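> Please work out how this folds:
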Amino acid sequence: MATGTSNQQQPIDSYTRLAHLLHAPAPNREALLDQVYEELLARESRAYAAGWTDALSETRRARRGSRP
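Numbering: from 1, shown residues only. Now for the predicted structure:
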């Protein structure tokens, strides 16, 4: 999958990033879909990792709270 965005400044939020991808000129439809798909996978991976980090932190806090 091609991104072609690695040398550009990253927008702050998801909506801005998606709008940029949809409005930026793409060589073809497949390239645009590849870019959007890659961005979604990256965000999903970060959200998944953050969820696990939160769950692990919560478990650690619960263990500390139950110790005498």
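
> So for this protein, the centremost residue is which one?
By Cα atoms, centre = their mean, the mean C-alpha position of the chain lies nearest to Arg43, the distance being 1.4 Å.

> Show the average pLDDT along the helix or strand harbouring it.
Under DSSP states H and E, the secondary-structure element containing Arg43 is helix 29-66. pLDDT averaged over helix 29-66 equals 85, rounded to a whole number.

> Give me the buried positions along it.
Of the residues in helix 29-66, those scored as buried under the neighbour-count criterion (16 or more other Cβ atoms under 10 Å) are Asp34, Gln35, Glu39. (Glycine included, C-beta is placed from N, CA and C.)

> The first one and Arg63, how far apart?
By that I understand Asp34. The gap separating Asp34 from Arg63 is 43 Å, by Cβ to Cβ, to the nearest Å.

> Could you do Gly51 as well?
19 Å.

> would you list the buried residues of helix 29-66 in TSV and tack on distance to Arg17?
Formatted as TSV, the entries for these read as follows, by distance: Cβ to Cβ, whole Å:
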residue	distance to Arg17
Asp34	15
Gln35	10
Glu39	6
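
> Now do the phi/psi pair for Ala24.
Phi and psi for Ala24, reported as degrees, to the nearest 10, are phi -70, psi 150.

> Look at Pro25 and tell me its secondary structure.
When classified by DSSP: H, G, I helix; E, B strand; the rest coil, Pro25 comes out as coil.

> Burial check on it, number of neighbours?
Neighbourhood size, Pro25 [other Cβ atoms under 10 Å]: 6.

> Let me know the pLDDT of it.
Each residue has a pLDDT score; the one for Pro25 is 80.
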